[in-house]
Structures are given as structure tokens and as C-alpha cells.
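J.: here is my input; please provide its structure:
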Amino acid sequence: MVDWIADYHSRIESLPVLSQVKPGQIRASLPESPPAQGEPFEAVLKDVENLILPGVTHWQSPNFYAYFPCNASGPGILGDLLSSGLGVQGMLWSTSPACTELETHVMDWLVTMLVLPEKFLSTNTGGGVIQDTASSAALCALLAARERATNYVSNQKGCDGRMVAYASTQTHSSLQKAAMIAGIGSANLRMIEVDENFAMRPDALASQIEADKRAALVPCFVCATVGTTSSNAMDPIVDIARVAHKHNLWLHVDAAMSGTAALCPEFRHFQNGVELADS
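T.: I've put the predicted structure just below:
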């Protein structure tokens with residue numbers, strides 16, 4: 001399998017980026033019933049090559065320019081292999097101390113590498129957490145904001161339809177799903193207007209918050225984005241943070257698209273204002 005993956009990466013540029021199959025073609029090529037017996041590993045690899053690979057859109061290709069970057073490195077692939085081999089369960093420190101302490105320490109490294117405020121260090125607030133996706137990270141932040149705004153009772157009694165959250169019109173659609181899962185509701189997620197660079201307008205955000213407060217609603221959360229997936233727009237975090245701080249809103253900075261650019265000093269200004277963020 002390792003050899004096949006290495007070969008795949010060496011020839012990926014020769015493959016069509018977008019899958020050429022028709023809807024239902026992959027499923028039709030598979031047996032209707034699960035196999036009663038296993039197959040030789042060579043046969044499995046042959047099926048991967050002949051049946052699965054034609055249905056793959058090659059996100060790792062250097063010719064891929066859709067959606068957003070999702071590139072894996074050779075060391076990262078080996079790290080996945082090691083992680084799968086160990087099969088670590090890290091839900092508690094006692095279930096695998098190395099998992100908890102390694103993750104915590106690397107998150108502190110990231111704080112240092114990005115020159116983030118010290119409040120993000122584990123010694124101050126518990127440190128960062130590796131989420132499986134940006135979508136689940138947004139959901140966790142929205143849940144935390146909901147609980148803070150309701151004095152931690154909405155987990156017990158549910159939301160009353162008055163909670164309101166804010167994001168730009170360019171924010172990833174996963175936040176809409178998070179609003180539904182969190183019980184806030186997609187109708188209570190306000191999509192704020194953007195400027196000519198597709199960045200959220202702080203004045204429009206402030207106006208919407210004030211309007212919602214006049215309507216007896218409860219603003220609780222605002223999401224600023226460093227690199228929207230649709231246009232790589234950079235929201236003005238400092239100005240958004242000031243609005244959020246004034247109204248005591250939980251500020252979540254979604255930097256899944258371009259946050260790592262702050263590893264380079266010349267791009268670090270894009271994260272100015274995160275010292276006022278809650279997540």
C-alpha cells in the first residue's frame with residue numbers, strides 16, 4: 001500500500017483532476033452483496049486502481065484549483081500511518097498520556113510559531129485542541145458561545161429561538177449547519193454584507209447587532225474569517241473584535257483556509273485582533 005501511494009503521488013499530475021465517471025458508475029461496478037470471503041491483497045489493489053481511482057477527484061494534484069487547498073505531505077501521510085497503527089484512544093489523559101501531552105505541547109508550539117497571544121497557551125487557558133475539521137471547530141465555538149450567553153442553561157432547557165449569530169456572506173456553509181445542530185437555527189444566523197474585497201463590513205455587523213437587540217433577540221457569536229474558501233477574503237479582525245467586545249459576543253476566528261500564512265512574518269498582520277478572540 002505504501003508503494004502504491006508513493007507511485008500515485010509520482011503520477012498524479014498525469015491523471016485528470018476531475019473525475020470522469022457518471023453518477024452511479026462506481027456503485028454499479030461493485031458487487032451487490034458483501035463478499036463471503038476475503039480477497040488477496042493484490043486483488044484489492046487492483047480494484048482500487050481500476051474501480052476506485054477513476055472516481056477520484058485529485059485534490060493533491062498540482063493542477064487542482066477548485067474549492068480550497070487540501071494537500072497532504074509525505075511526512076503527514078506517514079504520520080497517519082503511524083497513528084492508525086497505534087490506534088490510540090485519546091479521550092482521557094489516562095487512556096494514552098502521550099496523546100494528550102503531545103497534542104497539548106504541539107498546540108503550544110503553534111502559539112509560538114504564529115506569535116499568538118500568551119492566553120492561547122495551555123499554561124493559561126488549557127491550550128488548543130486539534131479538531132477533525134474546521135466545521136466541527138466552528139460548532140464547538142458556537143456551542144461555547146451559546147452556553148456563555150445563556151449562563152450555561154441552554155444545554156439543560158434548550159434554546160428559545162432568541163439566540164443570534166453572525167458571519168459574513170462569504171463564510172463557509174458549515175457554519176449554517178453548526179447553527180442548526182446547536183439549536184440556534186439557520187434563520188438566526190445573520191449573513192453580514194461584505195466590501196469590495198469580500199471582507200465583512202464591521203459597520204454592517206454593528207448595525208445588525210443593534211437591530212437584533214432592539215427586537216429583544218440575544219446576540220451571542222460572531223465569526224471572522226482569515227481566508228474565506230470562496231475568495232480567500234481577509235476579514236478585518238481588529239474592527240470586528242471591537243464590535244464583538246462592545247456587545248460581549250463570543251468571537252471565533254476561522255483561519256482554516258489561510259491561517260497558516262501567519263507562520264511567515266510578512267503575513268502575520270492578518271491575525272491582528274486575535275488577542276480579543278475567544279476561540
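J.: show me which residues of stretch 3-13 are buried.
T.: Buried residues in stretch 3-13, counted by 16 or more other CB atoms under 10 Å: Y8, I12. Yep, even glycine has a C-beta here, placed from its N, CA and C like the rest.
J.: and what of stretch 167-174?
T.: With the criterion 16+ other CB under 10 Å, stretch 167-174 contains buried residues A167, S168, Q170, T171, H172, S174.
J.: could I get those as a markdown table with secondary structure and distance to Y65?
T.: Below are those laid out as a markdown table (DSSP: H, G, I helix; E, B strand; the rest coil; distance: CB to CB, whole Å):
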| residue | secondary structure | distance to Y65 |
| --- | --- | --- |
| A167 | strand | 25 |
| S168 | strand | 23 |
| Q170 | coil | 18 |
| T171 | coil | 21 |
| H172 | coil | 18 |
| S174 | helix | 21 |
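J.: out of these, flag the one nearest to C70.
T.: Using CB to CB, H172 comes nearest to C70 of the buried residues of stretch 167-174, at 13.3 Å.
J.: and stretch 89-97, what's buried?
T.: For stretch 89-97, by 16+ other CB under 10 Å, it's S96.
J.: mind exporting the C-alpha coordinates of that stretch to CSV?
T.: C-alpha atoms of stretch 89-97 as CSV (Å, rounded to 0.1, in the frame of the first residue of the first chain):
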residue,chain,number,x,y,z
GLN,A,89,-7.7,6.4,22.1
GLY,A,90,-7.2,9.8,23.5
MET,A,91,-10.5,10.7,25.1
LEU,A,92,-8.8,11.0,28.5
TRP,A,93,-5.2,11.5,29.7
SER,A,94,-5.2,8.1,31.4
THR,A,95,-6.2,6.3,28.2
SER,A,96,-3.0,7.4,26.5
PRO,A,97,-0.9,10.1,28.3
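J.: neighbouring contacts of that stretch?
T.: V88, C99, T100, E101, E103 (CB atoms under 8 Å, 6 or more residues apart in numbering).
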